[in-house]
Every structure is written in structure tokens, then in C-alpha cells.
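J.: 3D, please:
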Amino acid sequence: MKIAMIGQKGIPSRAGGIEIHVEEISKRLVYLGYEVEVYCRRGYCDKEFSDNKYQGITVKYTPYIKSKHLDSITHTFTSTIRALFSNCDIFHYHALGPSTMAFIPRLFGKKVVCTVHGLDWQRGKWGKFASKYLKFGEYATAKFSHKTINVSKNLVKYYREKYNLETSYIPNGVERPDLVKPLIIKEKYNLGKDDYILFLARLVPEKGIHYLIDAFNRIKTEKKLVIAGGASHSEGYESELRKMAKENKNIIFTGFVKELELAELYSNAYFYVLPSDIEGLPISLLEAMSYGNCCLVSDIAENTDVIGSIGYSFKKANVDDLEKKLNMLLENKSKVLKVRDLAAQYILNKYNWDQISINTKHIYMEIMGTKKKITDKWRLGNDGKRHTIN
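T.: Take a look at the predicted model:
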């Protein structure tokens, strides 16, 4: 059976959570016996492959018009057409915008799955027309697909109430990382263990970074605030953030980070903050917890469902409450250490890529009319091989 993954910018890439999600489930689906084609945009991938193969996945580059509003939809269209000529059996669309094209493979009798990673029309970077188009994408995920997957329980509830539709809950996942010492970040930013509070995600308005800078500017502390991440068609917002922080020498913008520098930032933070107004299921939060970080998050359901009782929250968009909670954790290291001891194992048990991939396989089997088979418990090892768990 051949699967087409459409909607992501590309793999391997840390451009966003969708790219990580697609890469992790695709390489596992290959080990589960599927042919997987991932459709990519040149320029967004961390590397390209001359033989178009990456960990058993077929990587295909299709053309697109590079602009804020046409980038995704033109790439989705060309990818859909190419996947039709490639005789893919299942077209798996990711996100609302790309899902607007889901009717095309249906016209040709193909099976369609749509994964909703968040209600993108709510995001502040989009204008009126783009927001309306993304709302149509939401409709398409409910009406054009044979099966709709949501990455959060709150989204499952939303689709049940709005569309009277029972969708499948399959979240994002996370892998166990190696903790590393602060070498690169010591040289570049003079940061050591526990010297800083970390925000790490895209610099877009819905992430609430402006609340965090506002609250941090009110606090007296020797610790730094590290804001790690790049803009995503949101350069104006990034400029506003830098203006808010220009008088505070303890606020550091790193830009986009990856690989060892990324690992060092996660490994050595005092605690991690995610002050979002909107989320699907934030992979950066899963990653922060997998490194054993204490996390402080806004109290939206998508965040609090992740941390459970292993972490702290503040009232969404409430700078006063955020300031209060930041001070509490800065003044009470015991509260931070208590969560650190529990966070990693808790999140690794709760959000497991191997099980997520098996659940995705069962969706494919269901829409293809194939009976589910008992699957051996297994994991994908660091050596890239499949290992049976006794």
C-alpha cells in the first residue's frame, strides 16, 4: 500500500511541528510495511537526497510559488497531481490549508485522511481572506476525508460539537533525548546550567511571546530570558518583540536553532515557558518535558492536557498572573526540581511515536477495509532498526 504525505514543508526539517510529525510517523510506517512518499518544498528541508530516499521514505520535490499566501496551496496542488500519477492509495493531508485539495483524489476514487494540527484560521498572521480560506479547509477536513485525525482532545470535542463528527485522536509524540552540557551556548551567549528561562518555538503572535517579555520586564532577576526560534511570515511581529526587549540586557534572541545548539538549550534551562493563546499539540512542549524540564504554560486545554499535574500554568493572556508564576518558580527552586524529577518519564510514556504510528496504520486499514491484525510491540531504535519488545 502506498501513502502520500502532503501539506508539510518537507523532511528532514524543524520548520514546525507538522514537519516533525510527518517525518516520525513516515519512517515508522515504512518499517510497518508501507510505501511512503513525502512531498517536499525545496528550500525548506535541512538536506536533500540525490536518490530521493531518506530512511526508507521516498522524498519528492514538487514546485510551488514562494509567497506567504500561495506557498502552501500551490505546493499542495502540484503534490496532489504528482501523487495521482504515482498511483498512491491513500492521500494523507496535514493541516487545514492543504486539506482544501482533498476533494481531488476523491474524484479519482482514492482514499483520503486529513490530520488537523490546529485551527489555523485563528492564527494572528493571516488576513481576512486567508482566514476564510482556512475555515473552508476546516470544513474540508470534516467533509472531504474518509477519516479525520485530531492531535488534541480539545479538537476532537470541537469537531463533535460543530460537525457531529467522531474523529480520531492521535497526538504528536516525542523521543528520549540525550542531555548535553552547555558548550555552544556558553560560547555564543554566555549561558550555563540553570542560567536562563527558555521559550522555544516559532515567533508568531499566537505563541504569546509578547506576554512573556512584558512579564519578564517587570521582574528583578539575574537569570536571562532566552527566546529561541525564527519568524514564520511574521517578521513584523518579531520586530515588535525586539522593541519590547531592547531595554533589557537579560533578554536574548537566538534566532532559529537546531541540532546540538537546540539540545543544549533544552538540556540546561532553569525552566521552560509556553505562553500560547492557540495550540494544536505543541511539539516544543513535549520536547522540553522529554529533557526533564519544569514547564510553565498558559492554561489552554491543549497545553494543560500535555503537562497534567507535572508542571505549572497561568491564566491565558494574563500578564499579571504570568509575572506571579515566573516569580514563584524563580524564588522556589524546590518546586522546579520536583517537576524535573518526574517530567521526562511522564511525557515519554504518554506520547510515544511508535504507538502513534501503529494507531495511524489502523486508520489506514480501516478506510481500506482491511481487518486489523495483532501487531507485535516494537520500537524504532537509534540505529534505525526495528526492535521487538518482549
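
J.: With adjacent residues omitted, what lies nearest to residue 182?
T.: residue 268 (4.5 Å; Cβ to Cβ, 6 or more residues apart in numbering). Backbone N, C-alpha and C define where each C-beta goes, glycine included.

J.: Distance of the one you found relative to residue 337?
T.: Noted for residue 268: a distance of 14 Å to residue 337, by Cβ to Cβ, to the nearest Å.

J.: Could you check which of the two has the larger neighbour count?
T.: Using other Cβ atoms under 10 Å as the criterion, residue 268 and residue 337 rank with residue 268 on top: 24 against 10.

J.: ok, that one to residue 5 distance?
T.: Taken as Cβ to Cβ, the span from residue 268 to residue 5 is 34 Å.

J.: So which residues of the stretch 201-350 of the chain form strands?
T.: In the stretch 201-350 of the chain, the segments counted as strands under DSSP state E, counting those that start in this stretch are 224-228, 251-255, 271-274, 295-298, 312-314.

J.: Please identify which of those is closest to residue 344.
T.: strand 295-298 (11.5 Å; Cβ to Cβ).

J.: any low-confidence regions in the stretch 51-200 of the chain?
T.: 124-126 (pLDDT under 70).

J.: rerun that using 50 as the cut-off
T.: For the stretch 51-200 of the chain, applying pLDDT under 50 flags no range at all.

J.: how about the longest helix belonging to the chain as PDB, C-alpha atoms only?
T.: Counting residues, the longest helix found in the chain (DSSP state H) is helix 333-350. Taking C-alpha atoms only, helix 333-350 is exported to PDB below (Å, rounded to 0.1, in the frame of the first residue of the first chain):
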ATOM      1  CA  LYS A 333      13.900  26.100  43.100                       C
ATOM      2  CA  SER A 334      12.500  23.100  45.000                       C
ATOM      3  CA  LYS A 335       9.200  23.500  43.000                       C
ATOM      4  CA  VAL A 336      11.300  23.400  39.800                       C
ATOM      5  CA  LEU A 337      13.300  20.300  40.900                       C
ATOM      6  CA  LYS A 338      10.300  18.400  42.000                       C
ATOM      7  CA  VAL A 339       8.800  18.600  38.500                       C
ATOM      8  CA  ARG A 340      12.100  17.900  36.800                       C
ATOM      9  CA  ASP A 341      12.300  14.500  38.500                       C
ATOM     10  CA  LEU A 342       9.000  13.400  37.000                       C
ATOM     11  CA  ALA A 343       8.700  15.200  33.700                       C
ATOM     12  CA  ALA A 344      10.700  13.100  31.300                       C
ATOM     13  CA  GLN A 345       9.400   9.600  32.000                       C
ATOM     14  CA  TYR A 346       5.800  11.000  32.300                       C
ATOM     15  CA  ILE A 347       5.900  12.500  28.800                       C
ATOM     16  CA  LEU A 348       7.700   9.600  27.200                       C
ATOM     17  CA  ASN A 349       5.100   7.200  28.400                       C
ATOM     18  CA  LYS A 350       2.200   9.400  27.400                       C
END
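
J.: And it, what does it pack against?
T.: Using 3 or more Cβ pairs under 8 Å, 6 or more residues apart in numbering; DSSP states H and E, the elements in contact with helix 333-350 are helix 283-290, helix 319-331.

J.: Mean neighbour count and mean pLDDT for those - can I get that in a markdown table?
T.: Below are these laid out as a markdown table (neighbours: other Cβ atoms under 10 Å; pLDDT from 0 to 100):
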| stretch | mean neighbour count | mean pLDDT |
| --- | --- | --- |
| helix 283-290 | 25 | 95 |
| helix 319-331 | 17 | 98 |
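
J.: for residue 114, helix, strand, or coil?
T.: strand (DSSP: H, G, I helix; E, B strand; the rest coil).

J.: Go ahead and confirm it touches residue 138.
T.: No. Judged on Cβ atoms under 8 Å, residue 114 makes no contact with residue 138 at a distance of 9.8 Å.

J.: Now do the buried residues in stretch 196-212.
T.: Across stretch 196-212, burial judged by 16 or more other Cβ atoms under 10 Å covers 196-212.

J.: out of those, which are inside helices?
T.: Per DSSP H, the buried residues of stretch 196-212 map to helices at 209, 210, 211, 212.

J.: Tell me how far the first one lies from residue 296.
T.: Put plainly, it is residue 209. 14 Å.

J.: and for those two, which residues touch both?
T.: When Cβ atoms under 8 Å, 6 or more residues apart in numbering defines a contact, no residue borders residue 209 and residue 296 alike.

J.: who has more neighbours, residue 114 and residue 138?
T.: residue 114 (28 against 22).

J.: how near is that one to residue 145?
T.: 4 Å.

J.: Find residues that contact each of those two.
T.: With Cβ under 8 Å, 6+ apart, residue 114 and residue 145 have common neighbours 93, 99, 102.

J.: Burial check on residue 258, number of neighbours?
T.: Counted with other Cβ under 10 Å, residue 258 comes out at 11.

J.: Which residue, other than its chain neighbours, is closest to it?
T.: Using Cβ to Cβ, 6+ apart, the nearest residue to residue 258 is residue 14, at 5.3 Å.

J.: quick one: contacts for that neighbour?
T.: 20, 46, 256, 258, 262.

J.: correct me, but residue 121 touches residue 135?
T.: Yes. Proximity of residue 121 to residue 135 meets the contact threshold set by Cβ under 8 Å, at 4.8 Å.

J.: if I look at the two, which residues touch both of them?
T.: Both residue 121 and residue 135 are in contact with residue 96, where contact means Cβ under 8 Å, 6+ apart.

J.: Phi first, then psi, for residue 142.
T.: The phi/psi pair for residue 142 (degrees, to the nearest 10) reads phi -80, psi -30.
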